[in-house]
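The following comprises the amino acid sequence and a computationally predicted model.
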Amino acid sequence: MLAHPHCPCTRASVGELARIMAHGQGKVNACVLFVKPTGAGANWDDTELRHNAAAIPGVTVLTDSDRTETARFGAETSGHTLLFGRDGALLFSGGITPSRGHAGGNAGESAILAIIEEEWGDHAAATPVFGCSLTRQPQEGDKIACLK
């Protein structure tokens, strides 16, 4: 998952990730990359959201300095989640919440759980992502603007 450490919508995505990890315990590992833009202070990404993600068993939390990995994966919105197979093949790309800032059953979570359980069928391989921009350079005094 690629995430903005100040995006209020991403709380729901991290909550859904916790549910996925609990269900897939021992079958999947996860990494959450929190963006840290150029020029951001040393503690800019040291947020409650980051600590919540780090507390999920099986999740590694890293900093994406200067959005290098964000660009590599083509992620534009906080909460963008990717699932890769053991062979490196991309199996899922998208969001794991039903709408902006809301947790609960959704197509993304269902698809990932089906892949983990090797019951892949007619689930979506890609879903919309709801959250704040990962690519826009924040300006002094900006408030977080979430995307549809």
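Everything's here; your move. Numbering: from 1, shown residues only.

Next secondary structure after the helix ranked longest in the chain?
Among all segments of the chain classified by DSSP state H, the helix with the greatest residue count is helix 10-23. Reading on from helix 10-23 to the C-terminus, the next helix or strand found by DSSP states H and E is strand 30-36.

Who are the packing partners of that next one?
With contacts defined as 3 or more C-beta pairs under 8 Å, 6 or more residues apart in numbering; DSSP states H and E, the packing partners of strand 30-36 are strand 2-3, helix 10-23, helix 48-54, strand 59-65, helix 68-73. Every residue, glycine included, has its C-beta placed from N, CA and C.

Now do the third one: distance to the chain's middle.
Spelled out, that is helix 48-54. For helix 48-54, the distance between its averaged C-alpha position and the chain's averaged C-alpha position is 12 Å (C-alpha atoms, centre = their mean, to the nearest Å).

And R100, how close does it get to P8?
Applying C-beta to C-beta, to the nearest Å, one obtains 9 Å for the distance of R100 from P8.
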